[in-house]
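Participant: this is a predicted model, with the sequence first.
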Amino acid sequence: MPSNSSSRSLRLWQLGLFLGFLLFWYVATSPTLLPPLYFDDPNKAAFFFGEPLKVFERTWDWFTSGTIYAHLWVTLLETLLAFIIGTAFGLGMGLWLALAPTASALFDPYIKALNSMPRVILAPIFAVWFGLDIASKVALGVTLVFFIVFFNVYQGVREVSFTVVANARILGASDRQLLRHVYVPSAMSWVFASLHNSVGLAFVGAVVGEYLGSSRGVGYLILQAEGTFDINAVFAGILVLTAFALLLDWVVTLAERRLLVWQPRGGETEKI
Amino acid sequence: MSAAVPALALEQVTITFVSPDGGRYTAVRDTTLRVEPGEFVSVVGPTGCGKSTLLNVAVGLLQPSAGSVQVFGSPLTGLNPKAGYLFQTEALMPWRTARANVAAGLEFRGVERAEASKRADEWLQRVGLRGFGERYPHQLSGGMRKRVALAQTLILEPQLILMDEPFSALDIQTRQLMENQLLELWSANRKSVVFITHDLEEAISLSDRVVVLSAGPASHPIGEFPIDLPRPRDVAEIRLTPRFIELHTLIWRAMKQEVLKSYAQQQLQ
């Protein structure tokens, strides 16, 4: 653990890096500060790369006027639904295939094939099947989340210590109790280990789905802005998405700490 | 020995493993072992002589290739319902607290959760872990985890307790504490115990009878020694008595050849 003062100076450097980047962006895209170095027209840099002040202004407008909230809510809803449904399917299939070797052998090549397929390409098909509303975005997110959870659960069940299973059986656990008290908790620890990944991908599914065709959501905002060559709004959308992704990640970290209390963490010295 | 039905009777048991490539390995051959009700029997032998295999057969995790297993007179099918098993390696559920681990067996048998927790707390106290009920296994030391495992097994009051080198991973002081605690718990209501170990001193200081197995493969008992040391015993002190040393010399003489044989085999591999 770095000492307090060195961690503070690290924070200062991180902030400095951010401000330096903003300054560079500002200077390089400003039509008046620098003579055009690469582009023939002084306004072209701003056209292609946006201007930081205008990006922040646009973001500020979205939040103060309140137009962004409805879009954010839709994206969040899609992300959550994709995450929950994908996790439920992944958990169910993972448990089933890990405990049924014949079914596992039967499905193995198909699961490998489906997993190798670039699933983002399914988005247009889902749009046809489920329409342009949230269902198609949720479907895309589910296909992304499912495989992460599925493989983790499968692995988690396979790697339960033989001794723990034998011990539970000797203590009198029936097959159902074994599933509930041994296999599921063990698999859940693997699911939580992949939580950051699966929430992230649920989010990707939602945004990509919106970007490819929708009438609501942050992805839709970006698509709209792009259609009118409003590069500042595109960057503002990206900024909002990034901040939102960080927020989701933070919530996941909190949930993880709460739920995986039984797992040892590095550097923990609670042993007595 | 009394004429009562033995708590555990392995009759002419042979255990042959077949590997996927068709190779055969006979771990145990023609082994007969009887354990009377209330008797503490230790099985000693060099490493890799099939001691654990024998125990896995007694608890029903493995089926013998030949021979029979009887538990209180009835043939064993499936898992042994009268047996508790203390594993050599970690067997606690890491996602359950110490209390929930101890209560697990009762819960599996349909005892209400509140009642199971209450009895688990009593057992935690009995093994010297009062106030540690809320801790998870990773927050406990190796010796404490063994105590939790012991309480987890004994709370079900099994008629037959099978122990597979339960204390081998502990340091010597913790080990002697655990051995004394085990003897204390055992003498409170004598159940049958089969205690597997490679440590002859541990075997003598705990048991009523020591069975020596030959080196593997195809190991089998080569000697049985009644231990006539008085009880109650203190495992650290009893090692210094003349009778202990006599018994140790006697049994070690029988074991020595087998240990050397096993050592030579390991050198060859």
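Facilitator: Now that the structure is in, tell me what you want to look at.

Participant: how many neighbours does A:S104 have?
Facilitator: For A:S104, the neighbour count with other C-beta atoms under 10 Å in any protein chain shown is 15. Every residue, glycine included, has its C-beta placed from N, CA and C.

Participant: near chain B at all, the helix or strand where it lies?
Facilitator: Secondary structure from DSSP states H and E places A:S104 in helix A:101-116. No: residues of helix A:101-116 are not located near chain B by C-beta under 8 Å from any C-beta of the partner chain, the shortest gap being 14.4 Å.

Participant: so which bits of that helix are buried?
Facilitator: A:I111 (16 or more other C-beta atoms under 10 Å in any protein chain shown).

Participant: just for chain A, where's the confidence low?
Facilitator: A:1-3, A:34-37, A:265-272 (pLDDT under 70).

Participant: middle-most residue in it, spatially?
Facilitator: Residue closest to the mean C-alpha point of chain A, counted by C-alpha atoms, centre = their mean, is A:G200 at 0.8 Å.

Participant: contact partners for that one?
Facilitator: Shown in contact with A:G200 (C-beta atoms under 8 Å, 6 or more residues apart in numbering or on different chains): A:245, A:248-249.

Participant: what is the burial count for A:S65?
Facilitator: Counted by other C-beta under 10 Å, the residues lying close to A:S65 total 9.

Participant: kindly report the same for the one 10 residues further on.
Facilitator: Each residue near A:T75 was counted by other C-beta under 10 Å, and the total is 27.

Participant: elements contacting the helix or strand where it lies?
Facilitator: Secondary structure assignment for A:T75, by DSSP H and E: helix A:67-99. Of the remaining helices and strands, those touching helix A:67-99 by 3 or more C-beta pairs under 8 Å, 6 or more residues apart in numbering or on different chains; DSSP states H and E are helix A:101-116, helix A:134-158, helix A:184-193, helix A:195-212, helix A:218-227, helix A:231-259.

Participant: now do 10 Å
Facilitator: helix A:52-65, helix A:101-116, helix A:134-158, helix A:184-193, helix A:195-212, helix A:218-227, helix A:231-259 (3 or more C-beta pairs under 10 Å, 6 or more residues apart in numbering or on different chains; DSSP states H and E).

Participant: buried residues, it. List them.
Facilitator: For helix A:67-99, by 16+ other C-beta under 10 Å, it's A:68, A:71-72, A:74-83, A:85-87, A:89-91, A:93-95, A:97-99.

Participant: any chance you could map the strands in the stretch 101-250 of chain B?
Facilitator: B:160-164, B:192-197, B:209-213, B:221-226 (DSSP state E, counting those that start in this stretch).

Participant: just send those strands back as a markdown table, with distance to B:L140 and mean neighbour count too.
Facilitator: Converted to a markdown table, the strands of the stretch 101-250 of chain B look like this (distance: least, C-beta to C-beta, whole Å; neighbours: other C-beta atoms under 10 Å in any protein chain shown):
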| stretch | distance to B:L140 | mean neighbour count |
| --- | --- | --- |
| strand B:160-164 | 19 | 24 |
| strand B:192-197 | 23 | 25 |
| strand B:209-213 | 31 | 23 |
| strand B:221-226 | 36 | 15 |
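
Participant: and of those strands, who's closest to chain A?
Facilitator: strand B:160-164 (9.0 Å; C-beta to the nearest C-beta).

Participant: run a quick neighbour tally on residue 252.
Facilitator: Went with chain A since none was named. For A:V252, using other C-beta under 10 Å, the count is 18.

Participant: oops, I was thinking of chain B
Facilitator: Per other C-beta under 10 Å, the neighbour tally for B:W252 reads 15.

Participant: ok, it to chain A distance?
Facilitator: Distance, B:W252 to chain A, by C-beta to the nearest C-beta, to the nearest Å: 31 Å.

Participant: same question, B:S65
Facilitator: For B:S65, the distance to chain A - C-beta to the nearest C-beta - is 20 Å.

Participant: show the backbone phi and psi for the residue lying closest to that residue once chain neighbours are set aside.
Facilitator: Distances taken as C-beta to C-beta, 6 or more residues apart in numbering or on different chains put B:T16 closest to B:S65, at 4.5 Å, once the chain neighbours are dropped. Note on B:T16: backbone dihedrals following degrees, to the nearest 10 are phi -120, psi 130.

Participant: which residues in chain B form helices?
Facilitator: Secondary structure of chain B (DSSP state H): helices located at B:51-59, B:98-108, B:113-126, B:142-154, B:172-188, B:200-206, B:235-238, B:242-268.

Participant: alpha carbons only: can I get the first one in PDB?
Facilitator: Once side chains and other backbone atoms are set aside, the C-alpha atoms of helix B:51-59 remain, and they are given as PDB (Å, rounded to 0.1, in the frame of the first residue of the first chain):
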ATOM      1  CA  LYS B  51      -4.800 -46.400   3.700                       C
ATOM      2  CA  SER B  52      -7.100 -43.700   2.400                       C
ATOM      3  CA  THR B  53      -8.500 -46.100  -0.200                       C
ATOM      4  CA  LEU B  54      -9.500 -48.500   2.500                       C
ATOM      5  CA  LEU B  55     -11.300 -45.600   4.300                       C
ATOM      6  CA  ASN B  56     -13.100 -44.500   1.100                       C
ATOM      7  CA  VAL B  57     -14.400 -48.000   0.800                       C
ATOM      8  CA  ALA B  58     -15.600 -48.000   4.500                       C
ATOM      9  CA  VAL B  59     -17.500 -44.800   3.900                       C
END
